[in-house]
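Please find the sequence and the predicted model below.
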Amino acid sequence: MLVAEKTIVEVDNLTFRYDLRKDDHTLSAISISIKQGEWVAIVGGNGSGKSTLVRLLAGLLKAERGTITIDGVRLNDETKWDIRKKIGLVFQNPENQFIGTTVQDDIAFGLENNNISYDEMKQTVDEALKLVGMDSYRNQDPSRLSGGQKQRVAIAGILAFKPNVIMLDEALVMLDPRSRIQLLSTLKKLREQNDITIISVTHDMNEAALADRIIVMDNGTIIQDGIPEQIFINNDQLSPPFAEQLRRKLAEKGSAVPQSYMTEDEMVDWLCR
Ligand SMILES: Nc1ncnc2c1ncn2[C@@H]1O[C@H](COP(=O)(O)OP(=O)(O)OP(=O)(O)O)[C@@H](O)[C@H]1O
Ligand SMILES: [Mg+2]
């Protein structure tokens, strides 16, 4: 495991509601501890509170009770600006997030305020665009890109900042399957090389299965938190990733397939044995 022992995100007994006049809470007593370098997928049905949790972690909403600590600093009105510098946030819809008239200007814009030299900036922008496979679009007008291309540029803009934590809220939904796989492997590499922590909200169980850990939310609470294998074996509500579905079907047909959960790599090895 690459995961360091340092805790980067600590959520303790977090409770939140949008409307203080109403009694029912959107999130109730959420506690999570995430280590630096960990990749955590957050899954759960529509309205279970995943996006609300992400907004709270980024300091965009204020907790009613409980605490959030990011990299050792307690999140509050005074610290939220500094904390936000450590967090890269990507949402599902990249529209209207662009300021620059070219893709490279757009990414550079955010960096200009960061006091770095022109050469360093150019290199950072180039690297970030390469990571998302958009370097050949650097001189294009971002508003004219396709939805998936815009999303890749938005992700490059986040990567250029070199955040400690990247939070993706269904950020890969728009991407074609090939770009999605490429981007997931880019994120995986970044995590291995730079110890970046990834928190990714997703409805795609193949994507969730790649994480170190899956948190399952339901009705504003965490109902499961564990490694993908445990989650998919113990939850009939979630449709398991493809390799595990295949394993179960083979088992039904009386094949001598292993009795325990299999990842895609394990299934490939078994089939090619
Ligand atoms: N701005 C808001 N004002 C009031 N209620 C809201 C607001 N945003 C979300 N909610 C409510 O809070 C609950 C949780 O919503 P949230 O967006 O966090 O769910 P989610 O798990 O991200 O769902 P999805 O999978 O559909 O994105 C829902 O009942 C939703 O209706
Ligand atoms: Mg959501």
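The structure has been received and is ready for your questions. Numbering: from 1, shown residues only. Ligands and ions are numbered 1, 2, ... in the order given.

And the residue positioned nearest the centre of the chain, which helix or strand is it part of?
Centre of the chain computed as the mean C-alpha position; nearest residue by Cα atoms, centre = their mean is residue 200, 2.2 Å away. Using DSSP states H and E, residue 200 falls within strand 197-201.

who's in contact with that strand?
Here strand 197-201 makes contact (Cβ atoms under 8 Å, 6 or more residues apart in numbering) with 8-9, 34-43, 50-51, 54, 57, 164-171, 187, 191, 207-208, 211. C-betas here are computed from N, CA, C, even on glycine.

what lines up beside it in the sheet?
According to DSSP bridges, strand 197-201 forms sheet pairs with strand 39-44 (parallel), strand 165-169 (parallel).

distance between the ends of stretch 34-48?
End-to-end span of stretch 34-48 (Cα to Cα, to the nearest Å): 20 Å.

Please point out which parts of that stretch sit buried.
34, 35, 36, 37, 38, 39, 40, 41, 42, 43, 44, 48 (16 or more other Cβ atoms under 10 Å).

Isn't the fourth one up against residue 195?
Read it as residue 37. Yes. Counting by Cβ atoms under 8 Å, residue 37 sits close enough to residue 195 to count as a contact (4.5 Å).

circling back: contacts with ligand 1 among the buried residues of stretch 34-48, please.
44, 48 (Cβ under 6 Å from any ligand atom).

Please identify which of the buried residues of stretch 34-48 is nearest to residue 24.
Checking those against residue 24 with Cβ to Cβ, the nearest one is residue 48 at 13.6 Å.

Can you classify the closest residue to the closest one other than its chain neighbours as helix, strand or coil?
Spatial nearest neighbour of residue 48, excluding adjacent residues (Cβ to Cβ, 6 or more residues apart in numbering): residue 217 at 4.2 Å. With DSSP: H, G, I helix; E, B strand; the rest coil as the basis, residue 217 sits in strand.

Tell me the confidence at residue 217?
For residue 217, the pLDDT comes out at 98.

Dihedrals phi and psi, residue 11?
When read as degrees, to the nearest 10, the backbone of residue 11 gives phi -120, psi 130.

so how many other residues sit close to it?
22 (other Cβ atoms under 10 Å).

now residue 259: how far from residue 86?
Distance of residue 259 to residue 86, given as Cβ to Cβ, to the nearest Å: 43 Å.

Mind giving me the packing neighbours of the helix ranked longest in the chain?
Across the chain, the longest stretch assigned as helix under DSSP state H is helix 177-194. Here helix 177-194 touches strand 39-44, helix 147-160, strand 197-201, going by 3 or more Cβ pairs under 8 Å, 6 or more residues apart in numbering; DSSP states H and E.
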